[in-house]
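Undergrad: heads up, no residue letters with this:
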């Protein structure tokens, strides 16, 4: 059976496109749009809270998130160890307050007001040590705004894993978390932790309800699967997701968790 390789479309001149491997999400791949928007909405939510700050986007990947943060932050440094992702990011996203550094997240050490670490802690062998390192970077460094904030997100294994399974099967994931496990990991390193859950909204919520009523079976029977999802997936936007605080939501149903951690 031949596997399909998806590559970014319509990149600017001189910017090498990246291939979709499953290790990171990418913009400009229509088939990946659901996952891209699911990650982008969290970057946009954080951007509204880091205006005027010095921000580090750890494991920044393709660079789109660092670019979103740089629209409002005083400065943004995108850190990633992957050579292809680093080269792509530095060539594609150019702002006077944005730079990209090729380095490991657990060794990059510059003071910051905020550290962003999205959809990556599940890839880390020693997550506690990494969070401790991030805490040290935002703990009242000279020239900063006082003890800063670390934003960490991860998928909810309860909704990511196939029904009846304890893990998702993603080969890049070392640890996968439920809400209580993830919150405990963060609270062990930070004085204050606010936990949020990401949920489907608008047309994704309608689609979720339709699946519960048997839409998965119906679209195959009437032969519209390719046409429907060929339209539906590229049409997904960030407004089709919603972040809700843990106290107002059933976190077992969350797609992803976001911890807002204060040093």
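TA: Structure's in. What do you need? In this text the structure is predicted, and so the values were computed from the model without any measurement.
Undergrad: As a check, name the ranges of all helices in this structure.
TA: 33-47, 64-70, 83-92, 127-137, 157-160, 179-187, 202-212, 215-221, 225-235 (DSSP state H).
Undergrad: now those as CSV including mean pLDDT?
TA: Shown next, in CSV, are the helices of the chain (pLDDT from 0 to 100):
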stretch, mean pLDDT
helix 33-47, 98
helix 64-70, 98
helix 83-92, 97
helix 127-137, 97
helix 157-160, 93
helix 179-187, 97
helix 202-212, 91
helix 215-221, 78
helix 225-235, 86
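Undergrad: Give me whichever of these is most buried.
TA: helix 64-70 (a mean of 24; mean count of other Cβ atoms under 10 Å). Every C-beta, even on glycine, is put in place using the N, C-alpha and C of the backbone.
Undergrad: starting at the chain centroid, how far to that helix?
TA: In terms of Cα atoms, centre = their mean, to the nearest Å, the centre of helix 64-70 is found 12 Å from the chain centre.
Undergrad: who does it touch, helix- and strand-wise?
TA: helix 33-47, strand 54-58, strand 75-79, strand 98-101, strand 114-118 (3 or more Cβ pairs under 8 Å, 6 or more residues apart in numbering; DSSP states H and E).
Undergrad: residue contacts, residue 147?
TA: 138, 139, 140, 262, 263 (Cβ atoms under 8 Å, 6 or more residues apart in numbering).
Undergrad: which of the residues you listed lies closest to residue 33?
TA: Sorting those by distance to residue 33 puts residue 138 at the head of the list, at 32.5 Å, by Cβ to Cβ.
Undergrad: picking up where we left off before, nearest to residue 231, out of the helices and strands packed on helix 64-70?
TA: Here helix 33-47 is closest among these (Cβ to Cβ), at 11.4 Å.
Undergrad: what about the closest residue to residue 29 other than its chain neighbours, distance to residue 129?
TA: Nearest non-adjacent residue to residue 29, counting by Cβ to Cβ, 6 or more residues apart in numbering: residue 6, 5.0 Å away. Between residue 6 and residue 129 the computed distance is 34 Å (Cβ to Cβ, to the nearest Å).
Undergrad: Confirm for me that residue 89 is in contact with residue 59.
TA: No. With contact defined as Cβ atoms under 8 Å, residue 89 does not reach residue 59; the gap is 11.5 Å.
Undergrad: which residues do these two both contact?
TA: With Cβ under 8 Å, 6+ apart, residue 89 and residue 59 have common neighbours residue 80.
Undergrad: mind checking the longest strand of this structure?
TA: Counting residues, the longest strand found in the chain (DSSP state E) is strand 192-200.
Undergrad: what helices or strands is that one leaning on?
TA: By 3+ Cβ pairs under 8 Å, 6+ apart, strand 192-200 packs against helix 33-47, helix 179-187, helix 202-212, strand 241-245, strand 256-262.
Undergrad: ok, now with 6 Å
TA: When contacts are defined as 3 or more Cβ pairs under 6 Å, 6 or more residues apart in numbering; DSSP states H and E, strand 192-200 packs onto helix 179-187, strand 241-245, strand 256-262.
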